[in-house]
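In: only the shape, not the letters, is given here:
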Ligand code: SF4
């Protein structure tokens with residue numbers, strides 16, 4: 001009972017977070033930057049921050065994550081990090097020669113007030129950025145928002161690379177949000193099947209789920225290219241998947257370059273995937289290919305076959321807003337009851353959306369943005385659930401309360417597979433459902449008396 005001291009009684013807290021349900025902004029910025037081909041993320045702060053961010057990503061994706069740091073010491077902390085940054089840009093292009101350096105700030109450089117756009121201008125004026133090479137930057141103070149905010153800020157910086165030529169490229173920009181590399185691969189498979197030409201950014205497929213080839217590549221094959229990012233300003237539209245992760249970048253392209261955008265939910269589960277497929281169908285002006293119709297049918301078939309085991313099951317969810325919104329809708333559609341929902345990312349809009357999605361469920365729902373795992377545990381103690389879905393940190397609650405548990409979201413530090421098997425789209429819905437049913441039926445098999453222990457379920 002590692003969490004045995006969590007009390008059942010809930011006390012109002014305004015100035016204390018216990019076991020946060022989020023991590024810091026630069027981790028999201030670093031993950032997004034890795035989705036650009038030939039990009040080296042750069043952490044403008046102390047070495048410790050950079051080491052933590054790299055190790056957090058490595059532990060989740062089980063791949064080496066390269067990033068450089070401005071390596072602040074006492075001097076930079078007092079007088080500002082401009083000199084370190086200028087030297088870093090020079091060293092990075094000389095030693096590693098990336099196509100892009102994607103700089104994000106940290107708490108320290110933000111508190112000092114370092115002005116990255118000004119430092120970039122100075123680096124360019126001093127000839128430190130070679131011809132055909134780029135430096136982009138995002139402000140990512142960790143005392144505001146969460147890793148999701150940092151991701152969104154870096155994706156917006158990527159949108160800033162658009163250089164419209166005035167000639168349309170016939171493509172659609174898709175901003176997938178913070179999903180697994182396998183999900184990005186799956187989105188590309190779906191768009192190819194429908195026949196929509198796309199620019200997907202960021203794209204970490206082939207970067208953080210690559211094969212073991214015996215050869216180390218500092219810059220793996222995958223990632224959206226600089227040429228593609230420049231071309232996003234010539235696209236006929238943008239589909240942003242998720243309000244929290246992707247919408248800002250899409251709106252930036254709309255505002256600056258008149259590329260119209262639609263903000264959709266992330267395509268997890270049946271209905272959100274329906275809306276995504278419908279948007280692609282409308283853009284392409286085609287009928288939906290049989291292969292996708294079949295995949296949808298398989299998901300509907302599995303839901304109806306196993307509905308008896310899903311019906312009425314209470315669920316606790318923790319994760320990031322865009323994922324949780326789609327997951328809540330999916331669970332409600334299957335007659336499950338997501339009753340405790342926490343995200344560490346702030347945003348009242350999240351609570352409102354969850355309330356709307358669950359309003360016909362016929363029971364009270366606890367939902368909190370900028371909440372923590374401690375509160376989630378307390379809610380579970382007051383009203384137990386049949387299932388927990390969330391990141392690795394849920395394992396403590398699941399063990400103490402003896403509740404079936406599905407790992408999903410970020411970070412997953414103690415299991416494998418999330419990088420390789422998508423959970424977006426209809427095929428991803430099948431995988432999610434298989435995981436959910438697996439733990440629910442394992443529990444049934446464990447707890448059923450011998451007279452009810454069935455071979456066929
Ligand atoms: S100091 Fe700030 S940026 Fe660095 S690891 Fe801590 S929260 Fe993240």
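Out: Looks like it came in fine. Keep in mind the model is a prediction, meaning the values are calculated, not measured.
In: which element follows the helix or strand encompassing residue 173 toward the C-terminus?
Out: Assessed by DSSP states H and E, residue 173 sits inside strand 172-175. Scanning forward in sequence from strand 172-175 by DSSP H and E, the next helix or strand is helix 181-194.
In: how close does the residue nearest to residue 7 when sequence neighbours are not counted sit to the ligand?
Out: Spatially, and ignoring its direct neighbours in sequence, residue 7 is nearest to residue 378 (7.1 Å; C-beta to C-beta, 6 or more residues apart in numbering). Every C-beta, even on glycine, is put in place using the N, C-alpha and C of the backbone. Separation of residue 378 from the ligand (C-beta to the nearest ligand atom, to the nearest Å) stands at 25 Å.
In: residue 378: helix or strand, and which one exactly?
Out: Assessed by DSSP H and E, residue 378 sits inside helix 373-382.
In: how far does that helix sit from the chain's center?
Out: Remark: helix 373-382 is offset 24 Å from the chain centroid, using C-alpha atoms, centre = their mean, to the nearest Å.
In: mind listing what's buried in that helix?
Out: 373, 374, 375, 376, 377, 378, 379, 380, 381 (16 or more other C-beta atoms under 10 Å).
In: and the fourth one, how far from residue 245?
Out: Okay, so that is residue 376. 22 Å (C-beta to C-beta, to the nearest Å).
In: tell me, how many neighbours does residue 38 end up with?
Out: 17 (other C-beta atoms under 10 Å).
In: tell me the pLDDT of it.
Out: Residue 38 is assigned a pLDDT of 98 by the prediction.
In: now do residue 283
Out: Residue 283 carries a pLDDT value of 89.
In: neighbours of it, how many?
Out: Residue 283, neighbours per other C-beta under 10 Å, totals 19.
In: over to it: give its phi and psi.
Out: phi -60, psi -40 (degrees, to the nearest 10).
In: pretty sure residue 179 contacts residue 246?
Out: No. Assessed by C-beta atoms under 8 Å, residue 179 is found out of contact with residue 246, at 10.1 Å.
In: please identify which of those two sits among more neighbours.
Out: Using other C-beta under 10 Å, the more surrounded residue of residue 179 and residue 246 is residue 246, with 31 against 26.
In: which residues touch the more buried one?
Out: 152, 155, 175, 176, 177, 240, 263, 322 (C-beta atoms under 8 Å, 6 or more residues apart in numbering).
In: CSV please, covering these and showing pLDDT and distance to residue 427.
Out: Formatted as CSV, these follow (pLDDT from 0 to 100; distance: C-beta to C-beta, whole Å):
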residue, pLDDT, distance to residue 427
152, 98, 27
155, 98, 25
175, 98, 21
176, 98, 15
177, 98, 18
240, 98, 22
263, 98, 24
322, 98, 19
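In: looking at the residues you listed, spot the one nearest residue 438.
Out: Within the contacts of residue 246, the smallest distance to residue 438 is 24.7 Å, found for residue 322 (C-beta to C-beta).
In: can you pull the phi/psi pair for that closest one?
Out: Phi and psi for residue 322, reported as degrees, to the nearest 10, are phi -60, psi -40.
In: in space, what's closest to it - neighbours in sequence excluded?
Out: Among residues not flanking residue 322 along the chain, residue 242 sits closest, at 3.2 Å (C-beta to C-beta, 6+ apart).
In: just residue 60 next, same as before
Out: Spatial nearest neighbour of residue 60, excluding adjacent residues (C-beta to C-beta, 6+ apart): residue 411 at 4.3 Å.
In: look up how far the ligand lies from that neighbour.
Out: Counting by C-beta to the nearest ligand atom, the separation of residue 411 from the ligand is 14 Å.
In: same deal with residue 357?
Out: 31 Å.
In: contacting residues around that residue?
Out: 325, 328, 329, 332 are the contacts of residue 357 under C-beta under 8 Å, 6+ apart.
In: pLDDT on the host helix or strand of it, on average?
Out: Following DSSP H and E, one finds residue 357 within helix 348-358. Per-residue pLDDT over helix 348-358 has a mean of 97.
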